[in-house]
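Undergrad: Next input, structure requested:
(3 chains, ligands or ions: 3)
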Amino acid sequence: MYDGDIFKEYLDVSPEVQEALGSGMPVVALESTIISHGMPYPKNAETALEVEALIRKTGAVPATIAVLGGRLKAGLSETEIDYLGKTGERVIKSSRRDIPFIVAKGLDGATTVSATMIIADLAGIKIFVTGGIGGVHRFAQESFDISADLQELARTDVAVVCAGPKSILDIPLTLEYLETQGVPVVGYGTGELPAFFTRESGLPVDWRVDTPEELAKALFAKWNLGIHGGILVANPIPEKDSMAKSDIDVVIETALKTAADQGVKGKAITPFLLAHIVELSGGKSLEANINLVKNNARLGAKLAAAYADLVNPVQSV
Amino acid sequence: MYDGDIFKEYLDVSPEVQEALGSGMPVVALESTIISHGMPYPKNAETALEVEALIRKTGAVPATIAVLGGRLKAGLSETEIDYLGKTGERVIKSSRRDIPFIVAKGLDGATTVSATMIIADLAGIKIFVTGGIGGVHRFAQESFDISADLQELARTDVAVVCAGPKSILDIPLTLEYLETQGVPVVGYGTGELPAFFTRESGLPVDWRVDTPEELAKALFAKWNLGIHGGILVANPIPEKDSMAKSDIDVVIETALKTAADQGVKGKAITPFLLAHIVELSGGKSLEANINLVKNNARLGAKLAAAYADLVNPVQSV
Amino acid sequence: MYDGDIFKEYLDVSPEVQEALGSGMPVVALESTIISHGMPYPKNAETALEVEALIRKTGAVPATIAVLGGRLKAGLSETEIDYLGKTGERVIKSSRRDIPFIVAKGLDGATTVSATMIIADLAGIKIFVTGGIGGVHRFAQESFDISADLQELARTDVAVVCAGPKSILDIPLTLEYLETQGVPVVGYGTGELPAFFTRESGLPVDWRVDTPEELAKALFAKWNLGIHGGILVANPIPEKDSMAKSDIDVVIETALKTAADQGVKGKAITPFLLAHIVELSGGKSLEANINLVKNNARLGAKLAAAYADLVNPVQSV
Ligand SMILES: [Mn+2]
Ligand SMILES: [Mn+2]
Ligand SMILES: [Mn+2]
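TA: Residues are numbered from 1 along each chain as shown, chains lettered A, B, ... in the order given. Ligands and ions are numbered 1, 2, ... in the order given. The predicted structure follows:
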């Protein structure tokens, strides 16, 4: 994927990331919507830097992805991360459809899962760590509200390490959609799909893996065979930060009932549910969110290392 | 995309179009279903030639697309356009799935949006002008009736300039579908999606652009970055030809009620709605349809010129 | 598609198949789920060998597809076919999402339609014969239960010869889905889509063809033009083995009513319907199933021969 022209024309790879990629060292992509839209400043920038530090400590190089002044970025400086954190929701949340316009207009964009996958793939980064992913929304049977993340997983060759889809989504429909699209859903150390704040969903994953090496081997086989698309790696939230599925279910049921009573319908139900979940978990949800991202970062770094060993077998000798 | 073999084997590019493409001049693709299936003869052929003339006058070369005797055509002669107009609905309306059979059987095919995009892309033409596009039909939640145009937009690298989806479609579902597929929906000179006969839909576009240059830059970035698929450019019908959304809404509501009373269901509802809309607008709808296509042709020609300037920057010096 | 590395790394092509492909002889791919999961032992292995013999007799080389010990296989030995038949449902039923894991873990996998298409395409085999295909399940409007076979048809360049979708599926929705995806549905010798045990569905196909040559020409045009994806060739079950649509409809209606009474819902309805259909046809259904596969094998072999003549025109001189 190292296309000299694209580099020059549109993409800036930071010196640290460029050196790592050039020498076959493991690199982990990180998204930037979590910085600008996911947490209050300065907690967002601090967390982003902590996650980067953790990846370095685990032996890989972090590449936070964003668009700044119309330039695609793989690898941000501390100043750039702070800028995204401080600017917050004024940075444009960008998915696949937005990249061409953010670039053409020379704007700043915080990348969602889909946009981060695209830019990571352009830069030659195959492992991407985030918190959760978008999915099929509740009542999508009526509204067709399905995150572009799922189609991105269907086509772009990047592994997404997350803590599973959020409970506000329709998780069974999300799994059906991914099955139809041929996207593998993998449980790390578990046969049950985790669901972000909870380790339980009551639903099985397609495959359970227990080591980064085992997973790296599957990624390596997939892409070498030209079986395009991503893999969803679902890594359960650490036990100490997790909520019980039954507690979340009660909140969701109550919120859905309130929504129905108040005539809230269609797409409006999602933010409604989200607000209720945050309320339930109180201040704890921010900390849990940070901890699950760090947990994913550790796994992502190990996975990137195992994958790099397969791509550059000489290094492991 | 200039593959010598495909040219020889299946595709005839007219001398005028071939010369334009070879010298980096702007070219605009046009579909042929509007000729054979969209209007009565001879109005259909006359309009097609007027639209071609308008594109030439605006500084680009028109390439009307069709399949004749099993040969893919990019650029038709006046005689060929007249033939399609005269033959009318006996020409096979052809979309992606039909091309291989029309070719293998040596038949004539009038190309829909999806087939026109494919043939334009094969010929190396990136800007395509039409009236409206297919979308998600009303009650598609039950019927799964979703135009192949949307999947074509999801994968084929051609910009489609139109006046927006028709009001008989389910426009909110159409936008959701395109969002999931990562297809940008752009308003030209407007932040509100136009809906064919009306300039209003009550729904926002993803991006507003106000000049052909701005839009060309986004197309150029998209395809250079390998972000495959089309862009939907929605250009509002000229004010003087437009209907009020409220008038159309009343017709649709009444027609839907009548359909329900008469037990008309599923896919049968679409032609039912279409007939009622035409009835409402009386003779005016044909003229309005022609005027919006011409309006799109003017924009398409300017967009093609701006795009050609980016592809061949020397020319603009 | 003959990539030396992939061959060495992941894919074993049997000597017979390798020789045929190398010399431009017709080759027909066969799936292995029908062996391990479709029939009881030893009937399953016997049938697989009979189908292979029939393909040889009709002038083509059979390539049964599977994954054994993590190696992709195009062409199995008698011993390997017997092993799959004897091991039965303990072999993992594998679709697109499973291949990377079966390979990485060194497991055995019986390939479904989607996985067989992928491996056939990797090996350079363009014609694939099976019994029926997956589709949109009844009540998929609610459950989103849609077979990965349909997305595979949307992207992988292999023609699938079958007897049509099973009546337990929602056939109108399956056709709508394929239309949206641009996948041609072809009737062999019929303008009506057959539906596995019955020659009738009441629904039209997109195209009727009456000779293998005509169909081969369409495949050849499609893939040469870069119009990616498969073609669904629906070959009606032989008259003598067929059931009447009206008989099947009664069973399905009754079963659906029973399901509703018993509170059986969503995905659970499919196996419920399947059991009732098998019960209706009694012992006859196994024989009918075998006969329709053989009928498809004969057509597939002729189609592969006609296609090989187009790819290697010298041979037909
Ligand atoms: Mn959405
Ligand atoms: Mn349709
Ligand atoms: Mn399913």
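
Undergrad: which SSE is the closest residue in space to A:A163 that isn't next to it in sequence in?
TA: Setting aside the residues directly before and after it, A:A163 is nearest to A:L292 in space (C-beta to C-beta, 6 or more residues apart in numbering or on different chains), at 4.4 Å. To be clear about C-beta, it is placed using only N, CA and C from the backbone, and glycine gets the same treatment. For A:L292, the host element (DSSP states H and E) is helix A:284-311.

Undergrad: got it, and A:A45?
TA: helix A:43-57.

Undergrad: on that earlier part again, in this structure the residue nearest to A:A163 contacts A:A234, no?
TA: No - the criterion here is C-beta atoms under 8 Å, and A:L292 misses it with A:A234 at 11.1 Å.

Undergrad: So which elements touch the strand ranked longest in chain A?
TA: In chain A, with assignment by DSSP state E, the single longest strand is strand A:61-68. Judged by 3 or more C-beta pairs under 8 Å, 6 or more residues apart in numbering or on different chains; DSSP states H and E, strand A:61-68 is in contact with helix A:15-22, strand A:27-30, helix A:43-57, strand A:71-74, helix A:78-87, helix A:99-105, strand A:109-111, helix A:113-123.

Undergrad: what would those look like in CSV with mean pLDDT and distance to chain B?
TA: Formatted as CSV, these follow (pLDDT from 0 to 100; distance: least, C-beta to the nearest C-beta, whole Å):
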stretch, mean pLDDT, distance to chain B
helix A:15-22, 96, 18
strand A:27-30, 98, 16
helix A:43-57, 98, 25
strand A:71-74, 98, 8
helix A:78-87, 98, 20
helix A:99-105, 97, 4
strand A:109-111, 98, 12
helix A:113-123, 98, 6
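
Undergrad: Specify the stretch among these that is closest to chain C.
TA: When those are compared by C-beta to the nearest C-beta, helix A:113-123 sits nearest chain C, at 17.1 Å.

Undergrad: Skip ahead from that closest one and say which helix or strand is next.
TA: Using DSSP H and E, the next helix or strand after helix A:113-123 towards the C-terminus is strand A:127-129.

Undergrad: And the average pLDDT for the following helix or strand past that following strand is what?
TA: For strand A:127-129, the succeeding helix or strand toward the C-terminus, using DSSP H and E, is helix A:140-143. Helix A:140-143 shows a mean pLDDT of 96.

Undergrad: other SSEs contacting whichever helix or strand comes after helix A:140-143?
TA: Of the helices and strands lying after helix A:140-143 in sequence (DSSP H and E), the nearest is helix A:148-155. Helices and strands touching helix A:148-155, by 3+ C-beta pairs under 8 Å, 6+ apart, are helix A:113-123, helix A:171-181, helix B:171-181.

Undergrad: most tightly surrounded among these?
TA: helix A:113-123 (a mean of 27; mean count of other C-beta atoms under 10 Å in any protein chain shown).

Undergrad: what's that one packed up against?
TA: So helix A:113-123, by 3+ C-beta pairs under 8 Å, 6+ apart, packs with strand A:11-13, strand A:27-30, strand A:61-68, strand A:71-74, helix A:99-105, strand A:127-129, helix A:148-155.

Undergrad: Let me have the ones you listed in JSON lines, adding mean neighbour count as columns.
TA: Putting those into JSON lines (neighbours: other C-beta atoms under 10 Å in any protein chain shown) gives the following:
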{"stretch": "strand A:11-13", "mean neighbour count": "20"}
{"stretch": "strand A:27-30", "mean neighbour count": "30"}
{"stretch": "strand A:61-68", "mean neighbour count": "26"}
{"stretch": "strand A:71-74", "mean neighbour count": "23"}
{"stretch": "helix A:99-105", "mean neighbour count": "24"}
{"stretch": "strand A:127-129", "mean neighbour count": "30"}
{"stretch": "helix A:148-155", "mean neighbour count": "24"}
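
Undergrad: out of those, which comes closest to B:G106?
TA: Of all the helices and strands packed on helix A:113-123, it is helix A:148-155 that lies closest to B:G106, at 35.0 Å by C-beta to C-beta.

Undergrad: could you point out which element follows the closest one?
TA: strand A:159-162.

Undergrad: So what's the model's average confidence on that following strand?
TA: Taken as a whole, strand A:159-162 has a mean pLDDT of 98.

Undergrad: ok so, going back, spell out which residues are contacts of both of A:L292 and A:A234.
TA: Residues touching both A:L292 and A:A234 by C-beta atoms under 8 Å, 6 or more residues apart in numbering or on different chains: A:A163.

Undergrad: gap between A:K267 and A:H137?
TA: Distance, A:K267 to A:H137, by C-beta to C-beta, to the nearest Å: 7 Å.

Undergrad: cool, A:V250 as well?
TA: Note on A:V250: its distance to A:H137, by C-beta to C-beta, is 20 Å.

Undergrad: Looking at the two, which one has more neighbours?
TA: Using other C-beta atoms under 10 Å in any protein chain shown as the criterion, A:V250 and A:H137 rank with A:H137 on top: 23 against 12.

Undergrad: Adjacent strands (with direction) for the longest strand of chain A?
TA: strand A:27-30 (parallel), strand A:71-74 (antiparallel), strand A:109-111 (antiparallel) (DSSP bridges).
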